[in-house]
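Engineer: Predicted coordinates and the sequence they were generated for:
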Amino acid sequence: MEEILRECAADNALNGLDSDGKQYKVLIVDDAMFVRNTLNKILMSVGYDVVGEAKNGQEAVQLYAKLQPDVVTLDVTMPVMNGIDAVEKIREGDPSARIVMLSAMGYQCIVQKAILKGAKNYVVKPINEGNVVDFLQTVKKAASV
């Protein structure tokens, strides 16, 4: 994984820098600490600035308003407020919010619902060596829209 991340950090299409070399700011939202830590490590290693982490949708809505990140990675299934409802709340406050949904559930109806609520894209977990490049492409595309 380390080799892949080094290559991604050097690739302008995958790294966390805009065309001026400024870091994109990311808010990571997932109820599993292990997932938050993994995403944090991946994103920071390729140049993103992880400005915050939340463990449920309610925290995500509050942190989004406070931190104004360039992109949010948002789990679908979480306690307190799920990711679909959080997308809706975040986009009510900022219609231009860029959100990438993450979930272990790759069901078509959930993907469609997330996109209809305003998510920019959807990635199926887990994020690992086999799909880290696809994950980084998706985040970069959402951040740079």
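Structural biologist: Looks like it arrived, so ask away. Given the structure is predicted, the values throughout are model-derived calculations rather than measurements.
Engineer: what does the lowest-mean-pLDDT helix or strand in the chain rub up against?
Structural biologist: Within the chain, no helix or strand scores below helix 108-117, which has a mean of 86 by mean pLDDT, DSSP states H and E. Applying Cβ atoms under 8 Å, 6 or more residues apart in numbering, the external contacts of helix 108-117 come out as Val76, Gly83, Ile84, Val87, Glu88, Arg91, Met101, Ser103, Asn121, Tyr122. (C-beta placed from N, C-alpha, C; glycine too.)
Engineer: cutoff 7 Å now
Structural biologist: Helix 108-117 is touched from outside by Val76, Ile84, Val87, Glu88, Arg91, Met101, Ser103, Tyr122, with contacts defined as Cβ atoms under 7 Å, 6 or more residues apart in numbering.
Engineer: What's the separation between the fifth one and Leu14?
Structural biologist: Noted for Arg91: a distance of 26 Å to Leu14, by Cβ to Cβ, to the nearest Å.
Engineer: Check the last one too.
Structural biologist: As defined by Cβ to Cβ, Tyr122 lies at a distance of 18 Å from Leu14.
Engineer: re the thing from before, so for the least confident helix or strand of the chain, what gets flagged as buried?
Structural biologist: Across helix 108-117, burial judged by 16 or more other Cβ atoms under 10 Å covers Ile110, Val111, Lys113, Ala114, Lys117.
Engineer: Make a markdown table from those and add distance to Lys140 to it.
Structural biologist: Below are the buried residues of helix 108-117 laid out as a markdown table (distance: Cβ to Cβ, whole Å):
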| residue | distance to Lys140 |
| --- | --- |
| Ile110 | 23 |
| Val111 | 20 |
| Lys113 | 24 |
| Ala114 | 19 |
| Lys117 | 22 |
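Engineer: Point out the least confident one among the contacts of helix 108-117.
Structural biologist: Confidence by pLDDT is poorest for Ser103 among the contacts of helix 108-117, given 84.
Engineer: tally of neighbours for it?
Structural biologist: 22 (other Cβ atoms under 10 Å).
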